[in-house]
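Visitor: here is my input; please provide its structure:
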Amino acid sequence: MDLFEYFTHLCRELGAHLNGEGFSEKKLLHPRKATQQNGICARIDFEGFKIMLSYIEQGRAAYVPQTIWVSVSIDACPGIPFSLYDILAFIQPQNFNCYTYTYVDSLELMKSCIDDLSGILQETTTSLKELLKDGISKNKLIASQKDNINHYFGDNILESGEMLGGSADKIIAMMLENFYEAEIEAAVVGTQSYFYNGDTKKALKKLQKAKHRTLYQDNLLKHISNGGQPQKKTTAVKQASSKEGYARHGGSLKDCLKLVLLSILLEIPLTAVFTLFYAFASHMLYKDSIFTFGFEESWWPIPFFCFMLALAIASLITRKKERKKKTDGKTVHAPRESEITKGFFKYFTIIAETLAIIGCLSSAFSIVPFYEDHFCYPEGDFPLSQHECRYEAIEYAAIVEGYYADKTFIEEEYIVLHTISGKTIDLYNSTWNSCDELRKNENFFKEKDIEIKHFKTFDEYEKNK
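Guide: Below is the predicted model of the structure:
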């Protein structure tokens, strides 16, 4: 039995326990894929109202999946959505317990959540029946929710308290759906969720800044302002919290450390492969050169980009492994991934692969090759092209044993080539320790009538360049 079927079964039992007068179920479809089931809604009918329990596998808040949400429909105004919290604002204004459950990913946890709801729904149905018998109280409840909706949109979208007819009816229905989703988000990731998770300071700050507040949230704001604290969580609420659920699905510190370790292990062979690619690319690009500067030093970006690629691959392996384990175990059920999540990991991997290749190529293009009648040099930290310069354009080569970068002294030799036209070609970024290579090939430069000058300090170079 999957979670959808089990949810329907539990809700049917709950309806019988609450003495409901009717029961029905409806599939919830994915907002972008009309053929894909995204949840299930069970409706329990009572005299004058209906209670809907929804199990939403992937809601608008994509990072809080598998949510159980309770809403109410009043027969006197069937188009107006009420959350359980909206009803509690009238019948139990001092009740600020959490009745929203996320990451409900197992049959056992789902039963615990429905059992947890059983008590409050028993009280709610009894109180709501009495409230709706009183015409004044019923009208106050309906009018309050209409005010909530109109205030949320900043306009009177409900004319004279009635739904507009004709083509505008669909537009208003979409707007009401937006209001319904906003109430869910407030409970699972928004203002209310901070209070349920014990962060009263953040909840107070968010409620005070909120442009729109429901009656329930107004009551909650007063409660927190008067020093009110969240009541003790039930076992079901603890297990069905975002924090616990995220940890179960690979988001704990331990899982993060495993991911980093796997990435490091994968980086080693990846770096070896891409370094070989770098060596091959360098060989093919400069096979006709007499000698080169910077081959050993220019490969430094490769490990960095390889780690990004390793992290992407490790994420794919971990997610696939976790989902297979959860599917095979039939104890914890992983939700179907949203298109946003799939797209993120897909494009992250593609980008990491592209950057790794670009890193290798930029490293190869950072090498300075010397040919019989000219040499080539890169410009920029990550070049993908080289500039050609003939030897007769060079006046002299300077080896400076001290370098300043942003007023910071770097104890590293570097090479500057001075052209006859007055232009300087700084080979520091690409050659680092290639001064030794220049000394080894000093006779080559003499043959090309290029003088090599040595400077002990940066100041000495600046005065005599």
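
Visitor: hey, let's count contacts and neighbours off CA atoms from now on
Guide: OK.

Visitor: buried residues in the top strand by length along the chain?
Guide: When the chain is scanned for its longest strand (criterion: DSSP state E), the result is strand 37-46. Across strand 37-46, burial judged by 16 or more other C-alpha atoms under 10 Å covers Q37, N38, G39, I40, C41, A42, R43, I44, D45, F46.

Visitor: and if you look at stretch 228-239?
Guide: P230, A236, V237, K238, Q239.

Visitor: which of those sits closest to I350?
Guide: Lowest distance from I350 to the buried residues of stretch 228-239 (C-alpha to C-alpha) belongs to Q239, with 35.9 Å.

Visitor: you'd agree that closest one is up against G245?
Guide: Yes. Counting by C-alpha atoms under 8 Å, G245 is a contact partner of Q239 at 7.0 Å.

Visitor: tell me where the model's unsure across the stretch 51-200 of the chain.
Guide: The stretch 51-200 of the chain contains residues with pLDDT under 70 at 59-64, 159-168.

Visitor: which residue ranges form the strands in it?
Guide: 67-74, 82-83 (DSSP state E, counting those that start in this stretch).

Visitor: quick revisit: just the CA coordinates for the longest strand of the chain, please, in CSV.
Guide: Presented in CSV, the C-alpha positions along strand 37-46 are these (Å, rounded to 0.1, in the frame of the first residue of the first chain):
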residue,chain,number,x,y,z
GLN,A,37,-0.7,12.7,-9.3
ASN,A,38,0.8,15.1,-6.8
GLY,A,39,-1.3,14.2,-3.7
ILE,A,40,-4.7,13.1,-2.4
CYS,A,41,-7.5,15.0,-0.8
ALA,A,42,-10.0,13.2,1.5
ARG,A,43,-13.3,15.0,2.2
ILE,A,44,-15.4,14.3,5.3
ASP,A,45,-19.0,15.7,5.1
PHE,A,46,-20.8,17.2,8.1
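
Visitor: and it, what does it pack onto?
Guide: Packing contacts for strand 37-46, counted by 3 or more C-alpha pairs under 8 Å, 6 or more residues apart in numbering; DSSP states H and E, involve helix 3-17, strand 22-29, strand 49-56.

Visitor: buried residues in stretch 143-157?
Guide: For stretch 143-157, by 16+ other C-alpha under 10 Å, it's Q145, K146, D147, N148, I149, H151, Y152, I157.

Visitor: per-domain residue ranges of the protein.
Guide: 3-247, 253-287+301-362, 371-464 (automatic domain parsing).

Visitor: now the helices and strands packed on strand 37-46 as TSV including distance to V273 and mean neighbour count?
Guide: As requested, the helices and strands packed on strand 37-46 are exported to TSV (distance: least, C-alpha to C-alpha, whole Å; neighbours: other C-alpha atoms under 10 Å):
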stretch	distance to V273	mean neighbour count
helix 3-17	45	17
strand 22-29	45	15
strand 49-56	45	24
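
Visitor: any idea what G39 is bridged to?
Guide: L28, I56 (DSSP bridges).

Visitor: run the chain-centre distance for the longest helix seen in the chain.
Guide: With residue count as the measure and DSSP state H as the assignment, the chain has helix 253-285 as its longest helix. The chain centroid and the centroid of helix 253-285 are separated by 24 Å, computed with C-alpha atoms, centre = their mean, to the nearest Å.

Visitor: what angle sits between the longest strand of the chain and strand 22-29?
Guide: Angle of strand 37-46 versus strand 22-29, following axes from the mean of the first three to the mean of the last three C-alpha atoms, to 10 degrees, is 160 degrees.

Visitor: what residues of the helix or strand harbouring I351 count as buried?
Guide: For I351, the host element (DSSP states H and E) is helix 339-365. Within helix 339-365, the residues scored as buried using 16+ other C-alpha under 10 Å are 348-349, 352-353, 355-365.

Visitor: measure how buried H283 is and give me the count.
Guide: H283: 13 surrounding residues under other C-alpha atoms under 10 Å.

Visitor: related to what we said a few turns ago, quick one: closest of the helices and strands packed on strand 37-46 to K201.
Guide: So among these, strand 49-56 is nearest, using C-alpha to C-alpha, at 29.3 Å.

Visitor: burial count for E388?
Guide: For E388, using other C-alpha under 10 Å, the count is 11.

Visitor: what strands line up against the helix or strand hosting it, and which way round?
Guide: For E388, the host element (DSSP H and E) is strand 386-390. If you go by DSSP bridges, strand 386-390 pairs up with strand 374-378 (antiparallel).

Visitor: send the alpha carbons of the strand it pairs with over as CSV?
Guide: Taking Å, rounded to 0.1, in the frame of the first residue of the first chain, the C-alpha atoms of strand 374-378 are listed here in CSV:
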residue,chain,number,x,y,z
HIS,A,374,58.3,34.7,-32.0
PHE,A,375,56.7,33.8,-28.7
CYS,A,376,53.1,33.8,-27.5
TYR,A,377,51.7,35.0,-24.2
PRO,A,378,48.3,35.0,-22.4
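
Visitor: which stretches in the stretch 151-300 of the chain count as helices?
Guide: Along the stretch 151-300 of the chain, counting by DSSP state H, counting those that start in this stretch, helices occupy 168-188, 191-196, 200-209, 215-225, 235-239, 242-246, 253-285.

Visitor: most tightly packed of the ones you listed?
Guide: Highest mean neighbour count among the helices of the stretch 151-300 of the chain (mean count of other C-alpha atoms under 10 Å): helix 191-196, with a mean of 24.

Visitor: and A397, how far from K465?
Guide: 10 Å (C-alpha to C-alpha, to the nearest Å).

Visitor: hmm, I typed the wrong one, I wanted I351.
Guide: Taking C-alpha to C-alpha, one finds I351 at 44 Å from K465.

Visitor: more neighbours: A397 and K465, which one.
Guide: Per other C-alpha under 10 Å, whichever of A397 and K465 has more neighbours is A397, with 20 against 12.

Visitor: that one: what secondary structure?
Guide: strand (DSSP: H, G, I helix; E, B strand; the rest coil).

Visitor: run through the bridge partners of it.
Guide: L417, I452.

Visitor: residue ranges with poor pLDDT in the stretch 351-465 of the chain?
Guide: 380-382, 402-413, 428-434.

Visitor: let's go with 90 and repeat that
Guide: The model of the stretch 351-465 of the chain has pLDDT under 90 over residues 351-369, 376-388, 395-465.

Visitor: give me the contacts around stretch 218-230.
Guide: A89, P93, Q94, F96, N97, F195, Y196, G198, T200, L204, L207, Q208 (C-alpha atoms under 8 Å, 6 or more residues apart in numbering).

Visitor: can you give the distance of it from its chain's centre?
Guide: So, by C-alpha atoms, centre = their mean, the centroid of stretch 218-230 is 31 Å from its chain's centroid.

Visitor: can you report how many residues lie near H387?
Guide: 10.

Visitor: and it, what does it touch?
Guide: C376, Y377, P378, E379.

Visitor: mind giving me the ChimeraX command for buried ones among those?
Guide: Typed into ChimeraX, the next command selects the buried ones out of these (criterion: 16+ other C-alpha under 10 Å):
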select :376,377,378,379
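
Visitor: among the contacts of H387, which one lies nearest to Y391?
Guide: C376 (10.5 Å).
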